[in-house]
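**Student:** Pasting the sequence and the predicted coordinates here, then a few questions.
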Amino acid sequence: MFKIINKQILTKNIKRLDIVAPRIAEKVLPGQFVNIRPGATDETIPLTVIDTDQAKGTITVIVREVGSTSRVLASKGINDKVASILGPLGMPAQIKKKGVVVCIATGIGSAQILPMCRALRSVGNKVVGIIGAKTKRAVLMEAQMRLACNKLLIATEDGTYERRGMATDILSDLMERDTIHQVNAIGSADMMSSVCKITKRKRIKTFVQLNPVMIDCLGMCGSCRVVVSGKTVLACKDGPEFDGHRVDFENYKIRLKAFEEQKWDSPRAQSSHGKNESKTLTKLFSGILKS
Ligand SMILES: Cc1cc2nc3c(=O)[nH]c(=O)nc-3n(C[C@H](O)[C@H](O)[C@H](O)COP(=O)(O)OP(=O)(O)OC[C@H]3O[C@@H](n4cnc5c(N)ncnc54)[C@H](O)[C@@H]3O)c2cc1C
Ligand code: FES
């Protein structure tokens, strides 16, 4: 069992949890994730590790409540325990000195990109962060991103904070004015595919983080298949970071939609262990059939 020693409510449905997991804290690298089972009878969910504290032996995850399992985890409090944590999982992000690196993120991506910003800066890059959100209240991790980046720019769709518009508008403007050597993007499939379209024109190396639905996170179930450079690869083992110009985003969007259509978080799917197991199986077979 893994104890939660700190909890912060970031927005109504987004919570930060610091969980004691010393062996994972020791090993985890930027871009890697863990697979968490909140209670013994719950499903597991993959979450990016956004920070560690070696002295306390903790890992920090940010969880957005979207369905039954993320809600159970987010409802846990300080001193509660998490049944299991598997990790670190996935390939670490590529952290090299390139020059000027833009880290652009929307939604929960603003939390997921944080360890990359820190690592990219620590090896000597000038890191420009861009956060996009619908409103001022939806801007996540602003203080942490300001510390992690050399410069942070924010766009809100309704204009309630900093620049009105989309995060990609800021990126397009920056590309006109400055030389950019690399872009890292984490957000929705639409956002990451727009970023790649923009950067491809100027041949700027662009990394994206793909978060398809994952079940075992060990490369055995095949639920996280994505197409990169025309080949089917597994996001849990070969990713989650990929060269964005080689990703087949249309295929990625279809696979994400295939799971959405099943309405996983219906009350019937939440009520018992047996039903959680059948929910997992339905997800798995749906992923296989709709690929
Ligand atoms: C490598 C990786 C890292 C992730 N890191 C984070 C993180 O740091 N913080 C965080 O809040 N979430 C993260 N996610 C997404 C998180 O794992 C899902 O939100 C969670 O599994 C949903 O489970 P659930 O049982 O609560 O919802 P479900 O009942 O399974 O699904 C509810 C709704 O959410 C959608 N959904 C489920 N899984 C995903 C997914 N992977 N991507 C997009 N939509 C999904 C479903 O289509 C459905 O509409 C990550 C996913 C991956 C693959
Ligand atoms: S989640 Fe990647 S193969 Fe199962």
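**Tutor:** All right, it came through fine. Numbers count the residues shown, from 1 in each chain. Ligands and ions are numbered 1, 2, ... in the order given.

**Student:** what residues does the protein put near ligand 1?
**Tutor:** Neighbours of ligand 1 within the chain, by C-beta under 6 Å from any ligand atom: 33, 43, 45-48, 61-64, 66-70, 108, 111-112, 211-214, 240, 256, 259-260, 264-265. C-beta: built from backbone N, CA, C; applies to glycine.

**Student:** Mind checking which of the residues you listed are buried?
**Tutor:** Among the residues of the chain next to ligand 1, those that count as buried by neighbour count (16 or more other C-beta atoms under 10 Å) are 33, 43, 45-48, 61-64, 67-70, 108, 111-112, 211-214, 240, 259, 264.

**Student:** any low-confidence regions in this structure?
**Tutor:** In the predicted model of the chain, residues 259-291 satisfy pLDDT under 70.

**Student:** which parts of it sit against ligand 2?
**Tutor:** Where the chain comes near ligand 2, counting by C-beta under 6 Å from any ligand atom, the residues are 214-217, 219-224, 234, 236.

**Student:** can you pull the contacts of residue 65?
**Tutor:** 13-15, 71, 74 (C-beta atoms under 8 Å, 6 or more residues apart in numbering).

**Student:** Kindly give a single ChimeraX line that selects the buried subset of the residues you listed.
**Tutor:** The buried subset of these, as determined by 16+ other C-beta under 10 Å, is captured in ChimeraX by this line:
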select :14,15,74
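
**Student:** Quick check: the farthest pair among the contacts of residue 65?
**Tutor:** Using C-beta to C-beta, the pair of the contacts of residue 65 lying farthest apart is 14 and 71, separated by 11.9 Å.

**Student:** Can you list the residue ranges for strands in the stretch 51-200 of the chain?
**Tutor:** 58-64, 81-82, 84-89, 100-106, 126-133, 151-156, 163-164, 182-186 (DSSP state E, counting those that start in this stretch).

**Student:** if I pick the residue nearest in space to the middle of the chain, what's in contact with it?
**Tutor:** The geometric centre of the chain, computed from its C-alpha atoms, lies nearest to residue 112 (C-alpha atoms, centre = their mean), at 4.5 Å. Taking C-beta under 8 Å, 6+ apart as the definition of contact, the neighbours of residue 112 are 48, 50, 62, 105, 186, 209.

**Student:** And whichever residue of the stretch 1-150 of the chain sits closest to ligand 2, its phi and psi?
**Tutor:** For the stretch 1-150 of the chain, the residue positioned closest to ligand 2 under C-beta to the nearest ligand atom is residue 46, at a distance of 7.9 Å. For residue 46, the backbone dihedrals (degrees, to the nearest 10) come out as phi -80, psi 140.

**Student:** That one contacts residue 61, correct?
**Tutor:** No: counting by C-beta atoms under 8 Å, residue 46 sits too far from residue 61 to count as a contact (9.9 Å).

**Student:** Identify the contacts common to these two.
**Tutor:** Listed contacts common to residue 46 and residue 61 are 34, 36; contacts here mean C-beta under 8 Å, 6+ apart.

**Student:** from the buried ones among the residues of the chain next to ligand 1, which ones fall inside helices?
**Tutor:** Judged by DSSP state H, helices contain the following of these: 68-70, 111-112, 259.

**Student:** list the contacts for residue 21?
**Tutor:** Residue 21 is in contact with 2, 34, 57-59, 85, 87, counting by C-beta under 8 Å, 6+ apart.
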